[in-house]
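>>> Pasting a predicted model and its sequence here:
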Amino acid sequence: MSRPATPEWGTLSLILACYGAWLAVIFSLPVWLAIPAMGLVAALHSSLTHEVLHGHPFRSRWLNEALMALPLTLFIPYQRFRDLHLAHHRDETLTDPYDDPESNYLDPKVWGGLAGWQRRILRMNNTLLGRITLGPAIGQFMFTRDEVRGLLRGDPAILRAWALHLPGVAVVLWVVGHSGMPIWAFVLSAYVGLGLVKIRTFLEHRAHEKAGARTVIIEDRGPLAFLFLNNNLHVVHHMNPGAPWYRLPALYRADKEQYLNRNESYTYRSYAEIFRTYLWRAKDPVSHPLWPKD
C-alpha cells in the first residue's frame with residue numbers, strides 16, 4: 001500500500017468536520033431530524049474509514065487508525081473492516097463466495113440447502129430497496145456469526161480488534177448519553193448510515209469470467225458521489241487503491257477509455273438510473289451464476 005508523501009490536509013479536515021457534525025447533530029437537533037442527519041454523518045464516517053484503511057491522510061499507520069478510534073457506525077471494528085476489505089482487493093477472487101469477504105453471492109450448493117423463508121429474504125436483499133433496509137441486518141448477522149466462529153477458534157486478530165473497538169463504542173455512547181439524542185435513536189441512525197452505504201456496494205461488483213470486468217463505474221457527480229468519496233468510480237479505486245478520494249475523478253477523466261475497456265463498459269450514468277432500474281428488482285441472483293469454477 002502506498003503512503004502519501006505529505007499529509008493530506010483536505011482529508012484530515014473532512015474527518016474532523018465529520019466528528020464536528022456528529023457533535024452538532026446530537027447536541028442541537030430534535031430527534032426526528034437528528035436520526036436522518038446522523039445517518040448521513042455515519043455514512044460519511046464509513047467512507048472516511050475506508051479512506052483511512054487505504055493509507056490516508058498520513059504516512060503513519062497508527063496515526064491514521066487513531067483517527068478512527070470513535071466508531072460512529074458502532075457495529076464493525078475498524079481492524080476487522082480493514083483486514084477483510086484489503087482481502088477483498090484481490091481482484092482475482094472478486095465475487096468468490098468463499099475468498100471474497102464482501103461477496104453477496106452464495107455457492108449454489110449452499111443456496112440449494114436454504115429454507116424457503118431464507119431464500120425469500122435473500123432475494124429481497126438483492127433488490128436495492130431490500131439492500132438498503134434489510135442489508136445492514138443481514139450483513140451484521142453474517143459478520144457476527146463469522147466473528148464468533150473465529151473467536152472460538154482463538155483467532156488473535158479478531159480478539160484484538162474487538163478489544164480496541166468496544167472502548168471506542170463506550171466513549172461514543174457516553175457522549176451520546178450526555179446529549180439530547182436518545183441512545184436508541186443514535187443506534188437507529190447508525191443503521192440508517194449503513195443502509196446508505198449499501199447503495200454504493202449494491203452493484204459495485206458483478207460475476208464475470210474476467211476479473212477486470214467485475215468492478216463498476218457509476219459516473220454520478222452528485223451528493224451520493226461525495227458521500228461515498230467518489231468510490232462510485234470503483235474500478236478507478238481498485239486500479240489505484242492508494243489514490244486519495246479527491247483524485248479519482250481526474251484519474252477517470254484522464255484515462256476513461258482504459259477503465260471502460262478494463263471493465264468491459266460495466267457502467268451506469270447515475271444513481272438515479274440505478275434507483276429507477278433496481279429499486280424493486282434484483283440485479284443479480286443470490287446463487288453465483290459462474291460457480292463452481294472450472
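All right, it came through fine. Numbering: from 1, shown residues only.
>>> What is the end-to-end distance of stretch 203-217?
Terminal residues of stretch 203-217 lie 10 Å apart, using Cα to Cα, to the nearest Å.
>>> so how far is residue 117 from residue 176?
Between residue 176 and residue 117 the distance is 35 Å, computed by Cβ to Cβ, to the nearest Å. Any C-beta I mention is one placed from the backbone N, CA and C, and that applies to glycine too.
>>> Look at the two and report which has more neighbours.
Taking other Cβ atoms under 10 Å, residue 176 and residue 117 do not tie; residue 176 has more neighbours (22 against 8).
>>> Would you enumerate the residues in contact with that one?
Residue 176 makes contacts with 26, 183, 186, as judged by Cβ atoms under 8 Å, 6 or more residues apart in numbering.
>>> I'd like those laid out as a markdown table, including neighbour count, pLDDT and distance to residue 97.
As requested, the contacts of residue 176 are exported to a markdown table (neighbours: other Cβ atoms under 10 Å; pLDDT from 0 to 100; distance: Cβ to Cβ, whole Å):
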| residue | neighbour count | pLDDT | distance to residue 97 |
| --- | --- | --- | --- |
| 26 | 25 | 98 | 39 |
| 183 | 11 | 98 | 36 |
| 186 | 26 | 98 | 34 |
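>>> and which of those residues is nearest to residue 209?
Relative to residue 209, the closest of those is residue 186; by Cβ to Cβ it sits at 44.4 Å.
>>> which strands and helices sit next to the helix or strand where that closest one lies?
For residue 186, the host element (DSSP states H and E) is helix 183-201. Counting contacts by 3 or more Cβ pairs under 8 Å, 6 or more residues apart in numbering; DSSP states H and E, helix 183-201 is packed against helix 31-53, helix 128-133, helix 135-152, helix 156-177, helix 223-227.
>>> Check what contacts that helix and list those residues.
Applying Cβ under 8 Å, 6+ apart, the contact partners of helix 183-201 are 26, 31, 34-43, 45-47, 72-75, 102, 128, 131-133, 135-137, 139, 173, 176-177, 224, 227-228, 231-232, 271, 274.
>>> One more pass at 6 Å, please.
Identification of contacts with helix 183-201 by Cβ atoms under 6 Å, 6 or more residues apart in numbering yields 31, 35, 38-39, 42-43, 46, 73-74, 131-132, 135-136, 176, 228.
>>> List the buried residues in that helix.
185-186, 188-201 (16 or more other Cβ atoms under 10 Å).
>>> Next: stretch 109-127.
111, 121-122, 124-127.
>>> go on, stretch 142-158?
Buried positions in stretch 142-158, judged by neighbour count with 16+ other Cβ under 10 Å: 143, 147, 150, 158.
>>> do you know how far the third one is from residue 157?
From residue 150 over to residue 157 the distance is 8 Å, taken as Cβ to Cβ.
>>> that older thread, what's downstream of the helix holding residue 186, the next helix or strand?
Toward the C-terminus, helix 183-201 is succeeded by strand 217-218 as the next helix or strand (DSSP H and E).
>>> sorry, back to before: return the member of the contacts of helix 183-201 nearest to residue 246.
For those, the nearest to residue 246 is residue 228 (12.7 Å; Cβ to Cβ).
>>> Next up, the contacts around the closest one.
Residues near residue 228 by Cβ under 6 Å, 6+ apart: 47, 200.
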